[in-house]
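**Student:** I would like the atomic coordinates for the input below:
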Amino acid sequence: MLDQVVCLAAVTTMGVLEQAYFSLQVIYARRKFSVSPPSTSGPPQFERVFRAQVNCSEYFPIFIATLWTSGVFFNQGVSSVCGVLYLYARLRYFKGYSQSPQERLAPLYLSARLLWLLIAFSCVGIFLCFWRMYADGDLLQLLGA
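**Tutor:** A predicted model of the protein is given here:
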């Protein structure tokens, strides 16, 4: 059983570490620009780091849910590769946004495409599972794949 989810667990752990890194960057920015909690406004440099972290945190639950659903019902390997690419795109997004709002766009679009791909894989995998369970057949075998 563990070999069927170990890649998903590894990508999840990488994602958690990435979220921790983003949070630490906000702490460092607070110190650097003298922005005390609970304030979320300050110099533009601080606000960009803060917004980048918040935006990444907002999408993290969606990413984790689709990563695991896609990995369990579709394919662990394909889903894990998409997951690693998503995390890389989010890191580029965070670093780009911290520098300039314009530098966040290309990585944002890439991460959105990867998230939609994981959603699509999840839907296909769940549909095929339902088909096997309730139609008593293998749709892929029926289609000759």
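
**Student:** From A10, how far out is the residue positioned nearest the centre of the chain?
**Tutor:** What sits nearest the mean C-alpha location of the chain, by C-alpha atoms, centre = their mean, is F63, with 3.9 Å. In this view, F63 and A10 are 14 Å apart by C-beta to C-beta, to the nearest Å. Every residue, glycine included, has its C-beta placed from N, CA and C.

**Student:** Near R104, how many other residues are there?
**Tutor:** In terms of burial, R104 registers 21 neighbours under the definition other C-beta atoms under 10 Å.

**Student:** Sorry, slip of the keys, the one I care about is Q45.
**Tutor:** Q45 has 13 neighbouring residues, counting by other C-beta under 10 Å.

**Student:** can you give me the helices for the chain?
**Tutor:** 6-33, 44-73, 76-99, 105-134, 139-142 (DSSP state H).

**Student:** Return the list of helices and strands in contact with the fourth one.
**Tutor:** Packed against helix 105-134 by the contact rule (3 or more C-beta pairs under 8 Å, 6 or more residues apart in numbering; DSSP states H and E) you find helix 44-73, helix 76-99, helix 139-142.

**Student:** Output these as TSV; include the columns mean pLDDT.
**Tutor:** Formatted as TSV, those follow (pLDDT from 0 to 100):
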stretch	mean pLDDT
helix 44-73	98
helix 76-99	98
helix 139-142	64
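
**Student:** Now render those as TSV, adding distance to A112.
**Tutor:** As requested, the helices and strands packed on helix 105-134 are arranged in TSV below (distance: least, C-beta to C-beta, whole Å):
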stretch	distance to A112
helix 44-73	9
helix 76-99	9
helix 139-142	28
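
**Student:** what's the closest of these to A120?
**Tutor:** Put simply, out of the helices and strands packed on helix 105-134 the one that sits nearest A120 is helix 44-73, at 8.4 Å, with distance taken as C-beta to C-beta.

**Student:** How far away from the center of its chain is that closest one?
**Tutor:** Averaging C-alpha positions (C-alpha atoms, centre = their mean, to the nearest Å) puts helix 44-73 5 Å from its chain's average.

**Student:** Show me what that helix is packed up against.
**Tutor:** When contacts are defined as 3+ C-beta pairs under 8 Å, 6+ apart, helix 44-73 sits against helix 6-33, helix 76-99, helix 105-134.
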